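Participant: the sequence and its predicted three-dimensional model are supplied below.
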Amino acid sequence: MNVGPVAACRREGARALSALQFLTRLPLPDPGWEEGRLRYALAWFPLAGLVVGGLAGAVLWLAAGPLGLPAAFAAVLGISVAAWLSGALHEDGLADLADGTGTPGRSAEQALEIMRDSRIGAHGAVALILAFAARITLLAALSPLAAAGA
């Protein structure tokens with residue numbers, strides 16, 4: 001179907017908005033309904049990542065640079081912003097994966113059943129602790145670069 005440039009821009013804008021709504025907690029206006037919108041919005045998922053990463057990076061830079069907060073604390077703030085903005089989508093997936101695959105000898109059906117369970121297990125908790133510790137350590141090590149604007 002051939003549409004004009006204005007209609008095409010509106011359609012793509014609505015799809016981008018759908019990607020941001022799906023992948024973030026940002027209070028955004030409803031773009032309306034379109035059959036298969038989320039499928040078409042996939043192309044805009046990197047934009048959502050750029051928004052989340054950009055805002056988290058800005059908080060890290062501000063905290064480590066102009067505010068002069070300790071690097072580890074600045075890293076915690078940046079990671080907290082990313083987790084909040086994304087609704088902890090990646091963290092939830094990591095915990096589910098660790099819980100489902102943490103014990104050897106489970107069948108694929110058992111692992112999937114565990115991953116669908118909303119409760120977190122020991123494997124998921126340990127995976128989250130280690131992932132956050134690694135991210136905080138690495139971002140804290142990089143924060144002098146962020147503060148210098150490099």
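Facilitator: That came in fine, so what should we check first? Residues are numbered from 1 along each chain as shown.
Participant: who's in contact with residue 45?
Facilitator: Counting by Cβ atoms under 8 Å, 6 or more residues apart in numbering, residue 45 touches 19, 23. Using the backbone N, CA and C atoms, a C-beta is placed for each residue, glycine as well.
Participant: ok, now residue 126?
Facilitator: By Cβ under 8 Å, 6+ apart, the neighbours of residue 126 are residue 98.
Participant: ok, residue 75 - how many residues close by?
Facilitator: 25 (other Cβ atoms under 10 Å).
Participant: pretty sure it contacts residue 61?
Facilitator: No. Look at residue 75 against residue 61 with Cβ atoms under 8 Å: they stay out of range, at 11.2 Å.
Participant: past the host helix or strand of residue 6, which element shows up next along the chain?
Facilitator: If you go by DSSP states H and E, residue 6 is part of helix 5-23. Counting by DSSP H and E, the next helix or strand C-terminal to helix 5-23 is helix 37-41.
Participant: pull the contacting residues for the residue nearest to residue 73 when sequence neighbours are not counted.
Facilitator: Nearest residue to residue 73, sequence neighbours excluded (Cβ to Cβ, 6 or more residues apart in numbering): residue 63, at 6.9 Å. With contacts defined as Cβ under 8 Å, 6+ apart, residue 63 is in contact with 69, 73-74, 77-78.
Participant: rerun at 7 Å
Facilitator: 69, 73-74, 77 (Cβ atoms under 7 Å, 6 or more residues apart in numbering).
Participant: out of the residues you listed, which sit inside helices?
Facilitator: Of the positions in the contacts of residue 63, 73-74, 77 sit in helices, assigned by DSSP state H.
Participant: lovely, talk soon.
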